[in-house]
Structure formats: C-alpha cells, structure tokens
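[1] please find the sequence and the predicted model below.
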Amino acid sequence: MARCVARELVERSGVDAERLVDLLVERALGEIGNYYYYTLLRMHLVGVEGDLLRRVVDDAREEDRNHFEVLIPRIYELGGRLPATFTGELGPLGGLRNLPAEADVPEILPVLLRSAEESVRAYTHLCGITSGKDHRTYNIALAILHEEIAHQVWFLEFLGRGVAEQQIRHPRAISPFVTQFLQSQRVSAFQSHSFPA
C-alpha cells in the first residue's frame with residue numbers, strides 16, 4: 001500500500017484516522033442517500049403546500065449532493081475508499097420509505113426534520129474530533145454543518161408558518177459555505193489535464 005502522508009499527519013496529531021475515514025464514508029453515503037430520497041420525494045409533493053415544500057427540498061437536495069462531492073476527495077486523501085455497493089439504509093431519509101404513497105406535508109416534515117437534526121449531530125461530532133488536529137477535515141465538516149443547520153431551520157420554518165408566509169422565504173445561493181471546496185476541486189481537476197498548445 002502506498003504511503004499516505006495526509007493520513008500519517010492526521011494520526012500524528014492524535015486523530016484515529018481509521019475511525020475518521022469510517023465516519024466520513026458514513027456521512028458521504030448518508031448525503032448521497034438523502035439526495036436519492038429527496039429526488040423521489042419531490043415527485044410526490046403536490047398542491048400549494050407541496051409545491052412550496054418542494055422548493056425547500058430542491059435546495060436541500062442540491063446541497064446534499066454537493067456535500068457528497070466535497071467529502072469524497074478527503075476520504076481518498078486519507079487512504080479510504082467508498083464501498084462498491086450500498087448496504088443497509090441509504091442515509092437518514094430512509095425513513096421516507098415507510099410513509100404511505102399518499103403521504104402529505106404534515107407527515108413528511110417530521111421525517112425531513114429528523115434527518116436534518118441527525119446530520120447536524122454527525123457534523124458537530126466530526127468538528128469536535130478534528131478541531132485543532134485535522135484542519136482540512138474540520139473546515140469541510142464545519143462548512144457542511146453550516147448548511148445542514150440551514151436545512152434544519154428551513155424545515156422548522158415550514159412547520160411553524162402558514163403557506164402564505166412561506167412564500168416570502170428568500171432563497172440563498174446553493175451551498176454558500178461548501179462552494180469554496182467545490183471550486184478548488186474543479187481547479188485541481190483542470191490543472192491535472194494537459195491540453196495541446
């Protein structure tokens with residue numbers, strides 16, 4: 001196995017690299033699983049209230065995909081790998097599988113809120129174990145945490161407001177905290193290709 005400098009440095013700083021990689025893989029699978037379930041869910045959100053929730057779900061869906069994209073390079077930098085197939089639950093939104101096909105917004109919102117809360121706890125834990133030790137993983141986890149807290153707030157706002165008030169929600173840019181990591185990945189990928197003069 002090739003020497004992994006990033007993993008070596010993380011271990012030297014006192015972080016259990018094996019456990020960290022496991023947590024990052026778990027989160028990456030959770031994020032892509034959420035993306036999958038949000039994609040299914042948005043097809044069943046109908047009516048005025050459903051349409052408004054679909055807009056919120058669409059934003060959370062895109063951000064969860066971005067979270068998956070920024071976690072993958074760090075997993076591989078630390079010598080980890082993603083499993084070739086999914087096993088078990090596909091992320092915290094797997095609870096949506098148990099909802100009836102005709103589930104309405106009041107039945108769906110608690111599942112969405114629980115998923116957001118679980119993500120907030122998981123990224124808070126990742127920040128806690130990497131703070132002051134693994135700056136790169138910490139910064140990625142913190143950026144994702146900010147966005148997961150926003151998801152939680154969106155669902156709480158939706159629970160606490162009527163449809164008319166929800167229409168005034170001002171959307172923000174998709175993944176404002178994670179974008180910096182996505183951009184750096186794209187630049188790296190571009191620079192690694194050689195182009196003819």
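    Done, it's in.
[2] chain center to the helix of greatest length in the chain, what's the gap?
    Counting residues, the longest helix found in the chain (DSSP state H) is helix 47-77. Averaging C-alpha positions (CA atoms, centre = their mean, to the nearest Å) puts helix 47-77 7 Å from its chain's average.
[3] from the contact counts, what lies against the following helix or strand past that helix?
    Note on helix 47-77: by DSSP states H and E, the next helix or strand toward the C-terminus is helix 105-130. If contacts are counted by 3 or more CB pairs under 8 Å, 6 or more residues apart in numbering; DSSP states H and E, helix 105-130 sits against helix 17-42, helix 47-77, helix 135-160. Yep, even glycine has a C-beta here, placed from its N, CA and C like the rest.
[4] hang on, the earlier thing: pull out the buried residues from the longest helix of the chain.
    Neighbour counts over helix 47-77 (16 or more other CB atoms under 10 Å) mark 49-50, 52-61, 63-75, 77 as buried.
[5] next one: stretch 141-159
    Those would be 141-145, 147-152, 154-155, 158, for stretch 141-159 by 16+ other CB under 10 Å.
[6] try stretch 112-129
    112-113, 115-120, 122-123, 126-127, 129.
[7] any chance of TSV for the residues you listed, columns distance to Val15 and pLDDT?
    As requested, the buried residues of stretch 112-129 are exported to TSV (distance: CB to CB, whole Å; pLDDT from 0 to 100):
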residue	distance to Val15	pLDDT
Leu112	32	89
Leu113	31	89
Ser115	27	89
Ala116	26	92
Glu117	25	93
Glu118	22	92
Ser119	21	94
Val120	21	96
Ala122	16	96
Tyr123	16	98
Leu126	11	98
Cys127	12	98
Ile129	6	97
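[8] can you dump the C-alpha coordinates of stretch 123-136 into PDB?
    Provided in PDB are the C-alpha atoms of stretch 123-136 (Å, rounded to 0.1, in the frame of the first residue of the first chain):
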ATOM      1  CA  TYR A 123     -21.100  17.000  11.600                       C
ATOM      2  CA  THR A 124     -20.900  18.600  15.100                       C
ATOM      3  CA  HIS A 125     -19.200  15.300  16.200                       C
ATOM      4  CA  LEU A 126     -16.800  15.400  13.200                       C
ATOM      5  CA  CYS A 127     -15.900  19.000  14.000                       C
ATOM      6  CA  GLY A 128     -15.300  18.000  17.700                       C
ATOM      7  CA  ILE A 129     -12.900  15.200  16.900                       C
ATOM      8  CA  THR A 130     -10.900  17.200  14.200                       C
ATOM      9  CA  SER A 131     -10.800  20.600  15.800                       C
ATOM     10  CA  GLY A 132      -7.200  21.800  16.200                       C
ATOM     11  CA  LYS A 133      -5.900  18.400  14.800                       C
ATOM     12  CA  ASP A 134      -7.100  17.900  11.200                       C
ATOM     13  CA  HIS A 135      -7.700  21.300   9.800                       C
ATOM     14  CA  ARG A 136      -8.800  20.200   6.300                       C
END
